[in-house]
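J.: dropping a prediction and its sequence here:
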Amino acid sequence: VTSLQRHYPRIVLNATRIDRVVRQSAPNFVASLNGVGTAASNVGLSAVACVARAGVVATDIASRFSASAQVSVEFSASVSVQGTAQ
């Protein structure tokens, strides 16, 4: 528990940083895929469809992405007494 108390703020900070970086870079990634789609039109319709689908998937992933830190701690204790009365 002491280790968790000491490191939890860093875990949350890193999750926030990851979330921000991915959210900032995702639109550029989608734009680059769209650019590839335009270039792929010279190759053929299949390439355009493939790259267009990749752009849709990347956009969907970017819209749903959320980094989070979750910690669960569980304690249990039991006491039993056994003996005989005289």
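T.: Cool, the structure landed.

J.: any idea of the mean pLDDT for the helix or strand where residue 15 lies?
T.: Per DSSP states H and E, residue 15 falls inside helix 2-40. Mean pLDDT, helix 2-40: 74.

J.: who are the packing partners of it?
T.: Applying 3 or more CB pairs under 8 Å, 6 or more residues apart in numbering; DSSP states H and E, one finds that helix 2-40 contacts helix 45-64. (Each C-beta comes from the backbone N, C-alpha and C, glycine too.)

J.: what's the mean pLDDT across the helix it packs on?
T.: Helix 45-64 comes out at a mean pLDDT of 66.

J.: begin at 186 from here
T.: Let's use 186 as the start, then, which means that last one is helix 230-249.

J.: just give the number of residues close to residue 215.
T.: For residue 215, the neighbour count with other CB atoms under 10 Å is 19.

J.: same question, residue 239
T.: Neighbour tally, residue 239, other CB under 10 Å: 16.

J.: against residue 214, how distant is it?
T.: Separation of residue 239 from residue 214 (CB to CB, to the nearest Å): 10 Å.

J.: same question for residue 203.
T.: For residue 203 relative to residue 214 (CB to CB), the value is 15 Å.

J.: do the same with residue 193
T.: Taken as CB to CB, the span from residue 193 to residue 214 is 31 Å.

J.: ok, residue 199 next?
T.: From residue 199 to residue 214 the distance is 21 Å (CB to CB).

J.: neighbour count: these two, which is higher?
T.: Taking other CB under 10 Å, residue 199 and residue 214 do not tie; residue 214 has more neighbours (16 against 12).
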